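*Asks:* Predicted model and sequence follow; I will ask about them next.
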Amino acid sequence: MDPLTESEEGWVPIVSADIPPGTLVEAVFESEELVVWRSADGTPCIMEARCPHQWSHLGGEGVVEGEELVCLTHCWRFSLNGEGWKEGMTGRRDRKGDIEVWPCKEESDWIWTQRRGND
Ligand code: FES
């Protein structure tokens with residue numbers, strides 16, 4: 001395959017799209033630590049790698065549960081749009097801090113994000 005290059009709109013390929021549903025990989029883009037994950041239904045998502053609670057690295061402490069990425073350190077969970085939640089033993093869900101979600105698209109077997117300032 002020919003090398004992929006940045007688009008005029010600032011989209012840049014950062015990891016192969018070969019990420020099975022329910023898994024994640026780490027990535028670094030413009031010195032930012034990121035995680036790229038695919039939800040159970042196959043939706044790709046790019047998030048900052050540090051949990052907003054106590055800064056655990058989601059590359060090691062994160063696990064995909066359905067359509068959310070869960071930080072195993074204290075079980076905050078983040079939806080595909082970055083909303084933070086905590087679910088108690090009874091199933092009650094409380095809003096917690098949100099996490100930054102980066103622009104994401106899947107194209108030509110790669111996951112792409114967009115440089116800041118181009119969105
Ligand atoms: S550090 Fe992630 S939930 Fe506490």
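*Replies:* Done, it's in.
*Asks:* Flag every residue of the chain that's near the ligand.
*Replies:* With CB under 6 Å from any ligand atom as the criterion, the chain comes near the ligand at residues 51, 53-54, 56, 71, 73-74, 76. Glycine gets a C-beta too; all of them are placed from N, C-alpha and C.
*Asks:* and the residue of the chain positioned farthest from its centre, helix, strand or coil?
*Replies:* Computed with CA atoms, centre = their mean, the maximum C-alpha offset from the centroid of the chain is found at residue 90, amounting to 26.9 Å. Secondary structure for residue 90, judged by DSSP: H, G, I helix; E, B strand; the rest coil, is coil.
*Asks:* what ranges of this protein fall below the confidence cut-off?
*Replies:* 1-3, 118-119 (pLDDT under 70).
*Asks:* which residues in it form strands?
*Replies:* Across the chain, reading from the start of the chain, the strands by DSSP state E fall at 11-16, 24-29, 32-38, 44-48, 62-65, 68-71, 76-79, 84-87, 93-96, 101-102, 105-107, 110-114.
*Asks:* List the contacts of residue 86.
*Replies:* Taking CB atoms under 8 Å, 6 or more residues apart in numbering as the contact definition, residue 86 lies against 74-77, 93-94, 96.
*Asks:* 10 Å instead, please
*Replies:* Taking CB atoms under 10 Å, 6 or more residues apart in numbering, we find residue 86 in contact with 53, 70-71, 74-77, 92-97.
*Asks:* got it, and residue 18?
*Replies:* Residue 18 sits next to 25, 38, 109-111 when contact means CB under 10 Å, 6+ apart.
*Asks:* Out of these, give me the two with the largest separation.
*Replies:* Pairwise distances across the contacts of residue 18 (CB to CB) peak at 14.3 Å, for the pair 25 and 109.
*Asks:* which one of those two has more residues nearby?
*Replies:* residue 25 (16 against 11; other CB atoms under 10 Å).
*Asks:* Please report how far the more buried one lies from residue 104.
*Replies:* Counting by CB to CB, to the nearest Å, the gap between residue 25 and residue 104 amounts to 13 Å.
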